[in-house]
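Participant: Predicted model and sequence follow; I will ask about them next.
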Amino acid sequence: MNEQILIENAKKGDKSALEELYKCSFNSLYKFVRYKVDTVEQAEDITAEAFVRAFENLVKFKGNSSFKTYVYTIAKNLVYKQYSEKQLVAFTNNEDIHSDLEYSKDLETEDQSDGEEKNNQDTIEVFQILKQLKNQEREILELRFLSNFSVKETAQTLKLSESNVKVTMHRALQKLKSLI
Amino acid sequence: MEEYNDIIEKLNNESKKFEPTSSNFSRVKNIVFAQNYTNKSNTSYFNLLLNNIMDILKSKLFWGVGTMSILTILFVVPFIGSAFLFSNVSNKEALLPPIQEPSNNVMRDETLNMGTGGSPKQSEPALYAESADTLVQEKMGSSYVPMPTSTGFPGDSDFAEDTKTKQQDRAQLRDANLSIIVDDFQSKYVNLTNEVSASGGYVQSSNVSTYDDYSYGTFVVRVPVEKFDQFVNYVRKLGLKVTSESIGIIDRQNELTQVIKTIEDKQAKIKEFEAKKELNNTEKSDLARLKVEVEKDQTKQESIKQETEFSTVSVYMTSQKDETVNSTWDEVVEGLKWVYNFWTNVILKSLIPIAFCLPVIILVGILVVSIKVMKNRKK
């Protein structure tokens, strides 16, 4: 269903429209928040808070960008707010990463494969390397590949042009390749 | 992008690690939809109108452009304009009120005839001459006897020439026009009027105006004929500079002589009639007519004498203008003062029309915003 129509209906209080919007945006938003914070609980809390605020202030949303971008912006502000309040340092300690992954492992029903250790090592590498990129480059890669934002959505979120996003992404990948 | 496939694959793999589970989905959903979102249909015209107005007011572009426009209109444009206006003194003078031509009620005669039947000759301004007579004598020769002109005195050339009466005894209507520049207008004006009274004359008319520090006035005075030269000299010396001068003489001696002769002839005839013992009807009517005519001629004789007893002097007096060359900075300051005065007047004088137009402006504003709101609703 057209997102604009969904938003209009949601503004009028249509619960099914709200659920539809939630369903469309949840995955990418959760992944972004989870990537930024240490624990699953924090990720769930921040994601829920972002959706609650987005729905409460849906009236002010003019539809100039996608709903995903709108709720992403709220979530980003919440994450930064939490950083400043609790002085979190994300992904600086390998042990922390391992503990989180174990927690996630408990919740998942799938069996873990032997390749998990290698995957964990890859995770660490990518995290470390991404830090070496510039802020904008890192943000673009995070939105494109971690949160699965389209180029248009990425451009809207970061207030850049689509061509700028493509060029920066290309540059970031080039740098990333040279660093790996 | 094929060259980056391995990197992209790594990032995608990375991404999968943060995929939410169904539990995450459900838990968050329960939290989110535990709230009651009473999203009222806040799309009423009033709210949309308010939102649009607030958007415009919040817009930095609006304030930036608006402020720059206002500053440009208020200061830059008038300042540049006034800089051109005040770039030199002559331009400033162009802004002052036009100089009034001296007004006088007396005929001005600037032509002098050369001898009988000669064509009128334009007189030159008698600048700094001691007396008009001296000037005339110098120009025309000692044997010159001024002739009446045709300016407003009909029949002057119709009278027989009186060559017997000397120059100093002739009935002449004299007038002078002088323009002078003075330093202290008020005191010189007082001095002038005092001199008129001292000469035994009177001020026929005066007209004085003041514009900022610049004063100018026209005075028409009548002084006795014998004091004419002395008074004209006084006026010349009164000012810092004589900017123009003209002196004219209208000779009415021929006319006077003619009138006197006519009176004498008629009186002689009256005596002849009175000497007769008996008069017929015709002679009686002639006698009566002659007596009436004699009375009229005597009145005319008296009038000419009175007119020629006083001379008319018109003085156009102006105060000295500040001709000092302003420095550039002075001109800038003057320009700013001019701008300030200009806008003060504009604002004060605009208040009333703006007050009248305010309802229309408000209505137009509401109409524009409403159209915008309707367009947004359609979107």
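Facilitator: Noted; the coordinates are in hand.
Participant: Might you report the residue contacts of the residue of the stretch 151-300 of chain B found nearest chain A?
Facilitator: Closest residue of the stretch 151-300 of chain B to chain A, Cβ to the nearest Cβ: B:Asp212 (59.4 Å). (Each C-beta comes from the backbone N, C-alpha and C, glycine too.) Listed by Cβ atoms under 8 Å, 6 or more residues apart in numbering or on different chains, the contact set of B:Asp212 is empty.
Participant: what residue ranges in chain A score low on pLDDT?
Facilitator: Scanning chain A for pLDDT under 70 picks out A:1, A:86-125, A:127.
Participant: Which residue, neighbours along the chain excluded, lies closest to the residue nearest to the spatial centre of it?
Facilitator: Most central in chain A under Cα atoms, centre = their mean is A:Phe32, positioned 1.7 Å from the mean C-alpha point. Take A:Phe32 and drop its neighbours on the chain: the residue closest to it by Cβ to Cβ, 6 or more residues apart in numbering or on different chains is A:Ser147, 4.3 Å away.
Participant: show me the contacts for the one you found.
Facilitator: A:28-29, A:31-32, A:35, A:72, B:15 are the contacts of A:Ser147 under Cβ under 8 Å, 6+ apart.
Participant: show me where chain A has strands.
Facilitator: Using DSSP state E, chain A contains no strands.
Participant: in it, which helix has the most residues?
Facilitator: The residue-count maximum for a helix in chain A (DSSP state H) belongs to helix A:15-36.
Participant: And chain B, by the same measure?
Facilitator: Chain B, longest helix under DSSP H: helix B:328-378.
Participant: So which of the contacts of A:Ser147 is the closest to B:Ser370?
Facilitator: Distance to B:Ser370 across those (Cβ to Cβ) is lowest for A:Tyr72, with 34.0 Å.
Participant: any chance you could map the helices in chain A?
Facilitator: A:3-11, A:15-36, A:40-56, A:67-86, A:94-107, A:116-131, A:135-141, A:151-158, A:162-179.
Participant: Now find how far off-centre the third one is within its chain.
Facilitator: Using Cα atoms, centre = their mean, to the nearest Å, we find the averaged C-alpha position of helix A:40-56 to lie 12 Å away from the chain's own average C-alpha position.
Participant: got a list of contacts for stretch B:305-312?
Facilitator: B:104, B:106, B:171-176, B:201, B:204, B:220-225, B:228, B:252, B:256.
Participant: Quick one: mean pLDDT for that stretch?
Facilitator: Mean pLDDT, computed over stretch B:305-312, is 86.
Participant: what about the closest residue to A:Gln42 other than its chain neighbours, neighbour count?
Facilitator: Residue nearest to A:Gln42 in three dimensions, not counting chain neighbours: A:Gln82, with 7.3 Å by Cβ to Cβ, 6+ apart. When neighbours are counted by other Cβ atoms under 10 Å in any protein chain shown, A:Gln82 registers 18.
Participant: wait, A:Gln82 sits on A:Thr39?
Facilitator: No. If you go by Cβ atoms under 8 Å, A:Gln82 and A:Thr39 don't touch, sitting 11.4 Å apart.
Participant: Can you pull the residues that touch both of those two?
Facilitator: By Cβ under 8 Å, 6+ apart, no residue touches both A:Gln82 and A:Thr39.
Participant: how much space between B:Glu3 and chain A?
Facilitator: 7 Å (Cβ to the nearest Cβ, to the nearest Å).
Participant: So that residue: helix, strand or coil?
Facilitator: What DSSP: H, G, I helix; E, B strand; the rest coil gives for B:Glu3 is helix.
Participant: just B:Phe219 next, same as before
Facilitator: strand.
Participant: Am I right that it is in contact with B:Asn191?
Facilitator: No. At 11.6 Å, B:Phe219 does not count as touching B:Asn191 under the criterion of Cβ under 8 Å.
Participant: So which of the two has more stuff around it?
Facilitator: The residue with more neighbours, out of B:Phe219 and B:Asn191, is B:Phe219; 22 against 15, by other Cβ under 10 Å.
Participant: if I pick that one, what's in contact with it?
Facilitator: Going by Cβ under 8 Å, 6+ apart, the list of residues near B:Phe219 reads B:189, B:192-193, B:203, B:205-207, B:314-315, B:317.
Participant: Let's see that with 7 Å instead.
Facilitator: B:192, B:203, B:206, B:315, B:317 (Cβ atoms under 7 Å, 6 or more residues apart in numbering or on different chains).
Participant: If the second one is in a bridge, with which residues?
Facilitator: For B:Val203, the beta-bridge assignment (DSSP bridges) gives partners B:Val221.
Participant: What residues does it make contact with?
Facilitator: B:Val203 neighbours (Cβ under 7 Å, 6+ apart): B:193, B:196, B:219, B:221.
Participant: Of those residues, which is the most crowded?
Facilitator: Most surrounded of these: other Cβ under 10 Å gives B:Val221, at 26 neighbours.
Participant: Surely that one and B:Val196 touch.
Facilitator: Yes. Counting by Cβ atoms under 7 Å, B:Val221 does reach B:Val196; the two are 4.7 Å apart.
Participant: tell me, what's touching those two both at once?
Facilitator: B:202-203.
Participant: Could you count how many residues lie near A:Thr154?
Facilitator: Around A:Thr154 there are 25 residues (other Cβ under 10 Å).
Participant: about what we covered before: could you list which of the contacts of B:Phe219 belong to helices?
Facilitator: B:Leu192.
Participant: of all the contacts of B:Phe219, which comes closest to B:Arg289?
Facilitator: Nearest member of these to B:Arg289, counting by Cβ to Cβ, is B:Val203, at 42.7 Å.
Participant: Relative to B:Ser197, how far out is the closest one?
Facilitator: Taking Cβ to Cβ, to the nearest Å as the measure, B:Val203 falls 9 Å from B:Ser197.
Participant: Ok, B:Tyr340 next?
Facilitator: 46 Å.
Participant: do the same with B:Leu173
Facilitator: From B:Leu173 to B:Ser197 the distance is 22 Å (Cβ to Cβ).
Participant: Likewise for B:Asn281?
Facilitator: 57 Å.
Participant: Of those two, which one has the most company?
Facilitator: Of the pair B:Asn281 and B:Ser197, B:Ser197 is the one with more neighbours under other Cβ under 10 Å, namely 13 against 7.
Participant: What segments of the stretch 151-300 of chain B are strands?
Facilitator: B:172-182, B:202-211, B:214-224, B:241-251 (DSSP state E, counting those that start in this stretch).
Participant: For the shortest one, buried residues please.
Facilitator: If I follow you right, that is strand B:202-211. B:Gln204 (16 or more other Cβ atoms under 10 Å in any protein chain shown).
Participant: would TSV of the contacts of B:Val203 with pLDDT be doable?
Facilitator: Listed next are those as TSV, based on pLDDT from 0 to 100:
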residue	pLDDT
B:Thr193	92
B:Val196	93
B:Phe219	92
B:Val221	93
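Participant: Looking at those residues, which is nearest A:Gln4?
Facilitator: Closest to A:Gln4, out of all of the contacts of B:Val203 and judged by Cβ to Cβ, is B:Phe219, at 87.6 Å.
Participant: Which residues of chain A lie near chain B?
Facilitator: A:10-13, A:18, A:22, A:26-27, A:30-31, A:34-35, A:44, A:47-48, A:51-52, A:55-56, A:58-59, A:107-108, A:119, A:122-123, A:126, A:141, A:145-146, A:173, A:176-177, A:180 (Cβ under 7 Å from any Cβ of the partner chain).
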